[in-house]
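Q: got a structure for you, letters missing:
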């Protein structure tokens with residue numbers, strides 16, 4: 001098990017940038033594939049981006065490709081989501097999650113990102 005705490009969410013204008021952070025507890029952070037997900041009001045939670053334990057394998061949702069960048073610092077037990085060119089439709093609660101098997105079974109509490117038009 002790993003505990004996750006997200007931070008960095010806030011109100012930002014359209015076109016702006018934010019960097020979200022997710023700090024993880026535990027000594028085996030590099031064993032976990034990490035993902036970012038988001039949930040907008042009235043919508044289901046959706047995948048945003050994921051990164052493998054060593055950072056060599058990365059995937060993005062089509063809606064954020066070219067605008068968002070996921071990265072990790074295993075020495076700091078932290079995964080990041082750099083979000084550029086933000087749009088109002090990016091407004092959501094953003095969650096980080098960890099998995100060392102087939103499913104994401106460790107979740108943070110979420111951080112609110114609001115993009116104003």
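A: Looks like it arrived, so ask away. All values derive from a computational prediction rather than experimental measurement.

Q: which stretches of this structure have low pLDDT?
A: By pLDDT under 70, the chain contains no weakly predicted segment.

Q: centroid residue for it?
A: Relative to the mean C-alpha position of the chain, the nearest C-alpha, by C-alpha atoms, centre = their mean, is the one of residue 36, at 2.9 Å.

Q: hang on, it packs against residue 20?
A: Yes - using C-beta atoms under 8 Å, residue 36 makes contact with residue 20 at a distance of 7.2 Å. To be clear about C-beta, it is placed using only N, CA and C from the backbone, and glycine gets the same treatment.

Q: list residues touching both of those two?
A: Shared contacts of residue 36 and residue 20, defined by C-beta atoms under 8 Å, 6 or more residues apart in numbering, comprise 81, 94, 96.

Q: what's opposite the second one in the beta bridge?
A: Beta-bridge pairing of residue 94, defined through DSSP bridges, involves residue 38, residue 111.

Q: and for it, the neighbour number?
A: By other C-beta atoms under 10 Å, 24 other residues sit near residue 94.
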